[in-house]
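> turn this into a structure:
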Amino acid sequence: MRIGEIAGIVGVTTRAIRHYHHLGLLPEPERRANGYREYGLRHAVVLARIRRLTELGLGLAEVRDVLADDAGRELAEVLADLDADLARQEAAIRERRERLRVLLDGAEHGVLTAEGPVSPELGEFFAEVTRSTAGREGPESAMAAKDRELLALIDTTAPAEDRDRLLAAMRPALSTPEAVERAHEVYRLLDELADIDLADPRTEAAVDEAARALADALPDSLLEEVGADSVRAVADGVGRGGGDRFLEALFDDFAPAQAEAVRRGMRLLVERGAR
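You can find the predicted model right below:
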């Protein structure tokens, strides 16, 4: 048989056959006087086995082990490894589908945010925010959008237990209509600081007002769940040389007056917790 004929019989491509020759999986047949390879039944048998093994999902290195006459791994061992690998993939797919289901449920209820996809835990938190602010009119606060982006970043980069502690700490800020109103007042005051010159003496009162509003809106649970040291780091660990690089990047994303208001607000929260 010529290479095209055996390829057609076994159901593989001629390119695959040449590759198997190159890797040593399929012995090279003798050549005719005209230089063409002459394949026999044994080649077809081996080629068919290679096809069956690869269709199961074995890699070509594993196929080589199975086909080896000596020092090769037993077929049962290779198949057991393959089964374990498929089980891991199956579990990963189930987890991904569960995350997709949560996201699609959120989309059906209008709570799939621009920051998605996020974890189911953060997705539910965003849904709570959406429910608590239902009916509010007007454009969304730019600072509120930054908050969501930051939470999505933490959701991706922080350990799950740290994320869960942060979300648990922030939930009281949404527990009552009054708490929600305080949060939106903070966003309004911080948005107004976006284009204000921090060096202008008239800015001091606006920064102080926003800082106090922020401290009043933040629940005591933030200190309990996240820790006073972490909150103090936000207030004092930036811009003093050797500070936390992530916090530096965080504050660089704020306007100077906004950054100062957030720092002061965090200091006030720590002071309140120390009383």
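
> all the helices of the protein, residue numbers only.
Ranges of helices in the chain, per DSSP state H, are 3-10, 14-23, 41-56, 60-67, 75-108, 120-132, 142-157, 160-170, 177-192, 203-217, 221-226, 228-236, 245-252, 256-274.

> now the third one and helix 14-23, what's the angle there?
Here helix 41-56 points in a direction 100 degrees away from that of helix 14-23 (axes from the mean of the first three to the mean of the last three C-alpha atoms, to 10 degrees).

> which strands and helices sit next to helix 41-56?
Counting contacts by 3 or more C-beta pairs under 8 Å, 6 or more residues apart in numbering; DSSP states H and E, helix 41-56 is packed against helix 3-10, helix 14-23, helix 60-67. Yep, even glycine has a C-beta here, placed from its N, CA and C like the rest.

> quick one: average pLDDT of that helix?
Mean pLDDT, computed over helix 41-56, is 91.

> outside of it, which residues touch it?
Helix 41-56 has contacts (C-beta atoms under 8 Å, 6 or more residues apart in numbering) with 1, 6, 9-12, 17, 20, 25-27, 29, 60, 62-63, 66-67, 79, 82.

> list the buried residues in that helix.
In terms of neighbour count (16 or more other C-beta atoms under 10 Å), helix 41-56 has its buried residues at 43-44, 46-47, 49-51, 53-54.

> the fourth one too?
Within helix 60-67, the residues that count as buried by 16+ other C-beta under 10 Å are 62-67.

> and if you look at the last one?
Buried residues in helix 256-274, counted by 16+ other C-beta under 10 Å: 256-270.

> can you tell me the closest non-neighbouring residue to Glu98?
With C-beta to C-beta, 6 or more residues apart in numbering as the measure, Pro120 is the residue that lies nearest to Glu98, at 7.4 Å, once sequence neighbours are left out.

> and stretch 55-74, how far apart are its ends?
18 Å (C-alpha to C-alpha, to the nearest Å).

> point to the residue nearest the middle of the chain.
Centroid check for the chain by C-alpha atoms, centre = their mean gives Thr156 as the closest residue, at 4.3 Å.

> just the pLDDT at it, thanks.
Thr156 is given a pLDDT of 80.
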